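J.: need a structure here:
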Amino acid sequence: MKKKKALPSRTIHVKNMTCSCCIHLLRKEFTMDGIEIQDIKLGLLILSVDPKKITWKKVESILEVYGFEIISDKEKILVEQIKQAVVDLVHNSTYNAMVRNSDYLVERFGMSYPYISSLFSKHEITTLEKFTILHKIEKVKELIEYGELTLSEIAYMMGYSSVQYLSTQFKSITGISVTEYRVTPASGRSGLDGLINSN
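T.: Model prediction:
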């Protein structure tokens, strides 16, 4: 019996993949187009295609349609991984108020925080600190809307020393206090992929 020839595969680093919805969307689109997914994670795809049926240009066009971008520059790939690490820390895990954001990133990447921070600023329109704050505030909005925790519990959970400190930072980002937001969450929440550009 003739052994089936393995299809050529490629590892692709992708910008703007920020949540599990991105993974579900791309999994669905690629499957419909006959593109075999070897692995898919936030910011990373390993794909196999039959060159007789699908070109890599087609793969790139599918990504572009949904606002994703292939990145090949090593520094930009690292910046995207840093962004994913912040998203993981703030949104996709039980936030540990005892672990400082800088310590988490240093341990995860094995690099000094000044290097990580300067690299981030070099390639993004905001600082790493501001990027992290934007995500923390977005998580705070989510927790307020759930209505399950007090403001004191939210402040502690998200690493703020007091409700006052949380409220000050919240107001500087959103224009309203946490108390006002709790009464009328009028400003609403932002998509994670648009946090940098919306502030």
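J.: so where is the protein shaky, pLDDT-wise?
T.: 1-5, 93-99, 185-199 (pLDDT under 70).
J.: Straight-line length of stretch 32-42, end to end?
T.: Terminal residues of stretch 32-42 lie 20 Å apart, using Cα to Cα, to the nearest Å.
J.: in the chain, which spans are strands?
T.: In the chain, the segments counted as strands under DSSP state E are 9-15, 36-41, 44-48, 69-71.
J.: outside of the first one, which residues touch it?
T.: In other words, strand 9-15. For strand 9-15, contacts defined as Cβ atoms under 8 Å, 6 or more residues apart in numbering pick out 38, 43-49, 56, 59, 63, 68-72, 76-77, 80. (C-beta placed from N, C-alpha, C; glycine too.)
J.: Can you list the strands that it pairs with?
T.: Using DSSP bridges, the strands paired with strand 9-15 are strand 44-48 (antiparallel), strand 69-71 (antiparallel).
J.: Out of the ones you listed, which one sits most buried?
T.: Across these, averaging neighbours per residue (mean count of other Cβ atoms under 10 Å) puts strand 44-48 on top, at a mean of 18.
J.: ranges for the helices of this structure?
T.: All helices of the chain, identified by DSSP state H, fall at 20-32, 56-65, 74-91, 101-109, 113-123, 128-146, 151-157, 163-174, 178-183.
J.: Adding mean neighbour count and distance to residue 6 as columns, could you present the ones you listed in TSV?
T.: Shown next, in TSV, are the helices of the chain (neighbours: other Cβ atoms under 10 Å; distance: least, Cβ to Cβ, whole Å):
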stretch	mean neighbour count	distance to residue 6
helix 20-32	14	18
helix 56-65	14	16
helix 74-91	18	26
helix 101-109	16	33
helix 113-123	15	35
helix 128-146	19	40
helix 151-157	17	47
helix 163-174	17	49
helix 178-183	16	53
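J.: Adding distance to residue 8 as columns, could you present those helices in CSV?
T.: Formatted as CSV, the helices of the chain follow (distance: least, Cβ to Cβ, whole Å):
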stretch, distance to residue 8
helix 20-32, 15
helix 56-65, 9
helix 74-91, 21
helix 101-109, 30
helix 113-123, 30
helix 128-146, 36
helix 151-157, 46
helix 163-174, 46
helix 178-183, 51
